[in-house]
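[1] this one's structure only:
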């Protein structure tokens, strides 16, 4: 018998994953509150109707809709069904989902570690929770790339979000710096300088960044204060520059207050 999977949410990510599951031979049914459809996926009229005969449920809605989807589906979930939450939500929400599901339905915390468009089911997944090993076995058999993260529900998404602090923070810093460089007339120069710095990163770069930030907090706080003033003069709101300045000031003050 084919693996019976319900996919809740057939938007950009859910539709690609559902399509790949069908191609892999899974028996897929789906529901989307906007009425979206995917070829090969059995259309159902509600969350409850979609999960009623499913062994696995993939919730691919959004963090705002994650609890609503579970609440609507819960009366129809059979004991033993596994609920996999693929939404990028705070660890506390994932934990709340596990509590709401109760003992009869195990929840798997699935963190999608790369953009889904173009990768679909092959998007790297980091999973945690008591049913994580089962999820990895079943979904890997259908072509997914799954890594089990030991720990409870919430552990996988916690690691993704902590990584996001770096990735999204780095992207925001680049965007702000280039916006200011455009105003200063040196965007091409700065783009090349940033590219060269990123290309030079190696396995010792993190230690150099952390050690240097602490060791030179005083000087760098002054430098970022000046940079913040420059961005204001250029007409660019210094969100990232000001945050870096504030962090360095806090480090400086903490060091100077330490006997």
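    Done, it's in. Owing to the predicted nature of the structure, the values given are computational and were not obtained by experimental measurement. Numbers count the residues shown, from 1 in each chain.
[2] off-centre distance for stretch 214-230?
    A distance of 31 Å separates the centroid of the chain from that of stretch 214-230, by Cα atoms, centre = their mean, to the nearest Å.
[3] what's the answer for stretch 166-175, then?
    Chain-centre distance of stretch 166-175: 15 Å, with Cα atoms, centre = their mean.
[4] what does it rub up against?
    Contacts of stretch 166-175 from elsewhere in the structure, counted by Cβ atoms under 8 Å, 6 or more residues apart in numbering, are 194, 239-240, 244. Backbone N, C-alpha and C define where each C-beta goes, glycine included.
[5] let me know the closest of those to residue 34.
    Nearest to residue 34 among those, counting by Cβ to Cβ, is residue 239 at 33.3 Å.
[6] quick one: the strands in this protein?
    Along the chain, counting by DSSP state E, strands occupy 4-8, 27-31, 42-43, 56-59, 82-85, 106-112, 125-128, 146-148.
[7] closest one to residue 222 among those?
    strand 106-112 (38.9 Å).
[8] tell me what that closest one is packed against?
    strand 82-85, helix 91-101, strand 125-128, helix 132-140, helix 155-184 (3 or more Cβ pairs under 8 Å, 6 or more residues apart in numbering; DSSP states H and E).
[9] tell me, what residue is most central in the chain?
    By Cα atoms, centre = their mean, the chain has its centre lying nearest to residue 88, at 4.7 Å.
[10] just checking, it touches residue 158?
    No: using Cβ atoms under 8 Å, residue 88 makes no contact with residue 158, being 11.5 Å away.
[11] so where's the stretch 101-250 of the chain shaky on pLDDT?
    Within the stretch 101-250 of the chain, no stretch has pLDDT under 70.
[12] wait, residue 8 touches residue 54, no?
    No: in this structure residue 8 lies outside contact range of residue 54 using Cβ under 8 Å: 9.8 Å.
[13] quick one: which of those two has more around it?
    residue 8 (31 against 26; other Cβ atoms under 10 Å).
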